[in-house]
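Asker: from the sequence below, what's the structure:
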Amino acid sequence: PLTSAPRPVSTPQAYSQYPQGDSQNGPPPMDHSMAQSPVSQPYSHGAMNLSGPHPSYSQQYGAPPPMQQVTNQMSGMQIGSGPPTSVGPGYAHHPSSQPPISAAYSSAAPPSYTQAPPPLSAAPSQPPPPSEPAASQPYYGGPPPPQQQPFPSAHHPSQPFVSSSPYLGPPSQPQAPPVSQQQSFPPGPPAQQPFPNSAPPPVSQASYSGPQPQSQPGPPPFHSGPSPRGPIPPPSMSQQQANHLPPGPMQQQQPPQPGMQGGYPTQQNGAFGQPRGPQPGYAGPHYPGQQNYGAGPAPAPAPPAQKRLDPDSIPSPIQVIEDDRVNKSSEPFTTGVKGQAPPLVTTNFQVKDQGNASPRFIRCTAYNMPCTADMAKQSQVPLAAVIKPLAMLPLPFLDPPPPQTPPYIVDHGDGGPIRCNRCKAYMCPYMQFIEGGRRFQCGFCSCVTEVPPHYFQHLDHTGKRVDCYDRPELSQGSYEFVATVDYCKNNKLPQPPSFIFFIDVSYNAVKSGMVNIVCQELKTLLDYLPRENPEADSVVRVGFVTYNKVLHFYNVKSSLAQPQMMVVSDVSDMFLPLLDGFLVGVNDSRMVIESLLDQIPEMFADTRETETVFGPVIQAGLEALKAADCAGKLFVFHSTLPIAEAPGKLKNREDKKLVGTDKEKSLFQPQSGFYSNLSKECVAQGCCVDLFLFPNQYVDVATLGVVPVSTGGSVYKYTYFQAETDRERFLNDLRRDVQKPMGFDAVMRVRTSTGIRATDFFGSFFMSNTTDVELAGLDCDKTVTVEFRHDDKLSEDTGALMQCAVLYTSCSGQRRLRVHNMAVNCCSQLADLYRNCETDTIINFFSKYAYRSILNTPTKTVRDTMVNQCAQILACYRKNCASPSSAGQLILPECMKLLPVYLNCVLKSDVLQPGADISLDDRAYLRQLLSCMDVSESHIFFYPRLLPLVKLDGGSLPMAVRNSEERLSKGGVYLLETGLHLFLWVGANAQQELLSNIFGTPTFSQIDPNMTSLPELDNPFSQRLREIIDSFRSQRSRYMKLMVVKQEDKAELIFKHFLCEDKSTSGGASYVDFLCHMHKEIRQLLS
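Answerer: Reported below is the predicted structural model:
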């Protein structure tokens, strides 16, 4: 009885091996039989006759594969192929003159990559004779080049599975011969034994290229159940084990085990991977008719066939995203249903607020919290919420976006917001009115509070207030209160904020064109300062400073005919040389400001000063805001490492030799405590800092970024800035940064109901105690991630509540409280927890946790810890929620089936596993950037979107393809979006018509790889492509510069770096390899 089949899958029926049915993720409720939960439905893959109709394969990825390929699909993580040959141990050189398989693009590989490679013994001419022993199939297809393998490759066919010695853990250095590169194995025995470390033919399999040329289909061998003569590929994980076990003593042929059927044992639905093989320390099982691998000589080899875990048979991010979009984008998501996971961040959906905050404001890792701390510890699923308090609500994905009203503003007059007497939670839909409406009981702490007379209202027959739906705070998940003077600093209402622009005018900044561009842009940008009423003028005041080794302040008072410059050369004791005329209203002083902005580039055009200061710049802005008694934001445009004598002076400490060592963590920590102390002062004043960097060499982002990160600001980085190519990106970032809605001088507190509490926080902010998150500035792009821990038991009846309240000054100078409420369910069964998790949010949390950990822990330890926690999550599910099955299968919860692929992307990211070409500054920059990303940004950052540009007619986007080089066709053009970059990859054989439509030139060689924007051509394809690029850019908080990449051009290396399902040059595993590694880790935990 499929009581809880997962949601219907879109056509084409791709990766979903499940029957259609109502959507209910995960195993069925406990009252149903656990025998056939959707995540573990038997595949009965053993004695079934595969040559007949085979319903369980009706839903493969893409088109259903031909029958002879089915065995390769989900038949067990069959890693590696047939046994070794007599030609030599391990890999056999194929006797024919077949050239080695080339990497990546195999010219003979068919353009469609949806099929699996043919089965083991598909031979070019004829199948091997029936009497031939198993050992006759040679291996083909080798491991990747040496530098790329921390995990054993998933398809090393080089290992016969005879090992019975326990796995000893990977040696620190690869000890195999360079070609075979089995990095994780101890050295093998002498060559007469068929063991892993013999050298294979030079086959570089950097990415899987579909069926290889030599594999023409032969009749499908041993597909049907018991096979009296044909060899049976080991159904066990022993193949994988062989990837990980050091060689052991040779084993003798064991007698066939009675009752063992040939073919593969039963496989379960949702089970990726393979039937269980020998545990470390046990001999592998053998099957009737199966030659013991590695024993005895073998006859002459048959032509080679390749067998590996097929990438199409493992969970596809693209398919999951597509299914969610098909199933969940049509109906609005109503937030009133407690414990319901929202649609994925990649789906366009509208939200109806019915008492819980929209997922645009809050996303949780789990919408069903475990009732006890023990259960949480057992599952290892992190309990966290990613909160974006001032998120912009219009849907960025739809064009034009449907109007979604921002949170309502509630004004309770002088009395201020109604709150619980004890825990101070704000009035919300979880408060229960009692005694005819005269009192209310708090949903968080259960304390009873009197209702003030002015707020009293009668209750209806259900116990609700009759004005419930007229009051946002009683019926909505998100709303704002106008704060009274009690909520203001020093009990006085705040002044409107100020913006101060600090422009570096040293030699590098002037020469790159930055100074000129900033001054020209500010003349128009000052008309777009943030305001709440689009009709009214902005009340934000502005000031201007230029600096190199000294600071130049400008008096731009409206009564002056020309601006006046005042120089402060004593930077060791910074002060503000003028009060009146420094901060002014734009409209009052427009003429003077424009005159100043025209003069600055001329004044410093011939400068020879190369040194800069940085600490005094922040101090000057802080002093100016103190003098004006207001909060505000500093925009600092800076170019070089501040080495001039001054507070906050830095030295160049870039040392590539420390990368990968235990001392590497020091490179991510600030050089001194100066900037940490300075940021503390900035936060106290409400002084937020945004830093725009234009470096040509090391500038120590880890230290310069301390103030922006601690004050709720942002860092923007334009390495090797060139006016003509980077101008557009910089100006778009600057415009958005100046205009975007934000709050100042903010304090955020997260309250929870009894049983859990907020224990840890991630993001760009400062904390002076354990509960209050202080933000000098908070804009619409910033998130704060909160981790929760149990401090008591939770009850399934009441669930768990959280309330995030942010007190801030709006850009018009009004003090406000924004409140977001969230209720989730609680469960005492692990199956319920695993049914309502959100993988994208879990990955967002894990990445922030890992990126913060590298400040104190070696990166390798951080990576290992993450793999271990992920393995524990999946092992706990396998042990407690999945129905019993062979241990050789990898069984993943429906809502977490993408956890391995996304986790691998985090592990391979530049911060945790850098390539040789990435700078320390870039790593520090990305580390800071990720700390306040929301879930949609972290999703695209770790798993970029790859779109084939085929038919662009109509309003919908073409369906994305998976991030792997083998998905690229030489005849195509693809758009890759990473959240920070856009790449347009052009295949060498792209059609002339396509090239003419996009670039206006029919030949590949005439395309200019240096273009950063596409020509505006008058054809529908060009117009639609430019619309798509514009809409992608509008969805992201940073402007993505377009880079045209021609196939086999040198820039292709940068592009390939983002194809995250492939191996990375820095040693990151491919998705297939990592999934096998994950499987091994899970099995070790379970054994």
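Asker: just the helices in the stretch 701-850 of the chain please.
Answerer: Ranges of helices in the stretch 701-850 of the chain, per DSSP state H, counting those that start in this stretch, are 701-704, 706-710, 723-739, 830-835, 839-853.
Asker: what sits up against the third one?
Answerer: Outside helix 723-739, the residues within contact range by C-beta atoms under 8 Å, 6 or more residues apart in numbering are 499, 512-514, 516-518, 521, 525, 528-530, 635, 690, 692, 714, 716, 718, 721, 1010, 1012-1013, 1033, 1037-1041. Yep, even glycine has a C-beta here, placed from its N, CA and C like the rest.
Asker: any idea of the mean pLDDT for that helix?
Answerer: For helix 723-739, mean pLDDT rounds to 95.
Asker: do the same with the first one
Answerer: In this model, helix 701-704 carries a mean pLDDT of 98.
Asker: who's in contact with it?
Answerer: 614, 638, 642, 650, 667-672, 675, 691, 693, 715, 717, 920-921, 924-925, 928.
Asker: against which helices or strands is the host helix or strand of Ser1034 packed?
Answerer: Assigned by DSSP states H and E, Ser1034 belongs to helix 1020-1035. In this structure, helix 1020-1035 packs against strand 973-977, strand 981-986, helix 992-999, with contacts taken as 3 or more C-beta pairs under 8 Å, 6 or more residues apart in numbering; DSSP states H and E.
Asker: can you redo these as TSV with distance to Ser559 and mean neighbour count?
Answerer: TSV is the format used below for those (distance: least, C-beta to C-beta, whole Å; neighbours: other C-beta atoms under 10 Å):
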stretch	distance to Ser559	mean neighbour count
strand 973-977	51	22
strand 981-986	48	23
helix 992-999	55	18
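Asker: list the residues that contact Pro452.
Answerer: Gly415, Ile418.
Asker: one more time with 6 Å
Answerer: For Pro452, the contact set (C-beta atoms under 6 Å, 6 or more residues apart in numbering) is empty.
Asker: what do you get for Leu459?
Answerer: Counted by C-beta under 6 Å, 6+ apart, Leu459 has contacts Phe433, Gly437, Arg465.
Asker: buried subset of those residues as a PyMOL selection?
Answerer: Buried members of the contacts of Leu459 can be picked out in PyMOL with the line below, counting by 16 or more other C-beta atoms under 10 Å:
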select buried, resi 433+437+465
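Asker: can you add pLDDT, secondary structure and distance to Phe1055 and give the contacts of Leu459 back as CSV?
Answerer: Formatted as CSV, the contacts of Leu459 follow (pLDDT from 0 to 100; DSSP: H, G, I helix; E, B strand; the rest coil; distance: C-beta to C-beta, whole Å):
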residue, pLDDT, secondary structure, distance to Phe1055
Phe433, 96, strand, 60
Gly437, 96, helix, 64
Arg465, 96, strand, 59
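Asker: from the contacts of Leu459, which is closest to Ser446?
Answerer: Phe433 (14.0 Å; C-beta to C-beta).
Asker: about what we covered before: of the contacts of helix 701-704, which belong to strands?
Answerer: The strands, defined by DSSP state E, take in His638, Leu691, Leu693, Val715, Lys717 from these.
Asker: grab the longest helix from the chain for me.
Answerer: helix 859-880 (DSSP state H).
Asker: so which other helices or strands are in contact with that one?
Answerer: helix 839-853, helix 1071-1086 (3 or more C-beta pairs under 6 Å, 6 or more residues apart in numbering; DSSP states H and E).
Asker: by how many degrees do the longest one and helix 859-880 diverge?
Answerer: Interaxial angle of helix 1071-1086 relative to helix 859-880 (axes from the mean of the first three to the mean of the last three C-alpha atoms, to 10 degrees): 70 degrees.
Asker: before we move on, back to that, buried members of the contacts of helix 723-739 into ChimeraX, please.
Answerer: Remark: buried members of the contacts of helix 723-739, expressed as a ChimeraX selection using 16+ other C-beta under 10 Å:
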select :499,512,513,514,516,517,518,521,525,529,530,635,690,692,714,716,718,721,1033,1037,1038,1039,1040,1041
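Asker: so which of the contacts of helix 723-739 are in strands?
Answerer: Those of the contacts of helix 723-739 lying in strands (DSSP E): Phe499, Phe635, Asp690, Phe692, Tyr716, Lys1041.
Asker: which residue is the nearest non-sequential neighbour of the third one?
Answerer: Pointing back at Asp690 there. Among residues not flanking Asp690 along the chain, Gly713 sits closest, at 4.6 Å (C-beta to C-beta, 6 or more residues apart in numbering).
Asker: go on, the fifth one?
Answerer: Here the nearest residue to Tyr716 in space, its sequence neighbours aside, is Phe692; by C-beta to C-beta, 6+ apart that works out to 4.8 Å.
Asker: so the one you found makes contact with Phe635?
Answerer: No: contact between Phe692 and Phe635 fails when scored by C-beta atoms under 6 Å: they sit 7.1 Å apart.
Asker: now the angle from whichever strand or helix holds Pro900 to helix 839-853?
Answerer: Secondary-structure assignment from DSSP H and E places Pro900 in helix 899-907. Between helix 899-907 and helix 839-853, the angle comes out at 30 degrees (the same axes, to 10 degrees).
Asker: starting at the chain centroid, how far to helix 899-907?
Answerer: Centre-to-centre, helix 899-907 and its host chain are 8 Å apart (C-alpha atoms, centre = their mean, to the nearest Å).
Asker: buried residues, the helix holding Ser1034. List them.
Answerer: Residues of helix 1020-1035 classed as buried by neighbour count (16+ other C-beta under 10 Å): Phe1021, Ser1022, Arg1024, Leu1025, Arg1026, Ile1028, Ile1029, Phe1032, Arg1033.
Asker: stretch 941-955 now?
Answerer: Phe941, Phe942, Tyr943, Pro944, Arg945, Leu946, Leu947, Pro948, Leu949, Leu952.
Asker: who's in contact with the first one?
Answerer: Looking back up the chat, that one is Phe941. Contacts of Phe941 by C-beta under 6 Å, 6+ apart are Gly979.
Asker: in which helix or strand does it reside?
Answerer: Judged by DSSP H and E, Phe941 forms part of helix 935-942.
Asker: and that helix, what's buried?
Answerer: So, applying 16+ other C-beta under 10 Å, buried residues of helix 935-942: Val935, Ser936, Glu937, Ser938, His939, Ile940, Phe941, Phe942.
Asker: what's the answer for stretch 447-457, then?
Answerer: Buried residues in stretch 447-457 (16+ other C-beta under 10 Å): Thr449, Val451, Tyr455, Gln457.
Asker: show me which pair in these is furthest apart.
Answerer: Of all the pairs that the buried residues of stretch 447-457 form, the one spanning the most space (C-beta to C-beta) is Thr449 and Gln457, at 15.1 Å.
Asker: and the average pLDDT for the helix holding Pro900 is what?
Answerer: Rounded mean pLDDT across helix 899-907 is 97.
Asker: and the angle for it with helix 935-942?
Answerer: Using the same axes, to 10 degrees: helix 899-907 against helix 935-942 is 70 degrees.
Asker: just checking, what packs against helix 899-907?
Answerer: So helix 899-907, by 3+ C-beta pairs under 6 Å, 6+ apart, packs with helix 839-853, helix 1071-1086.
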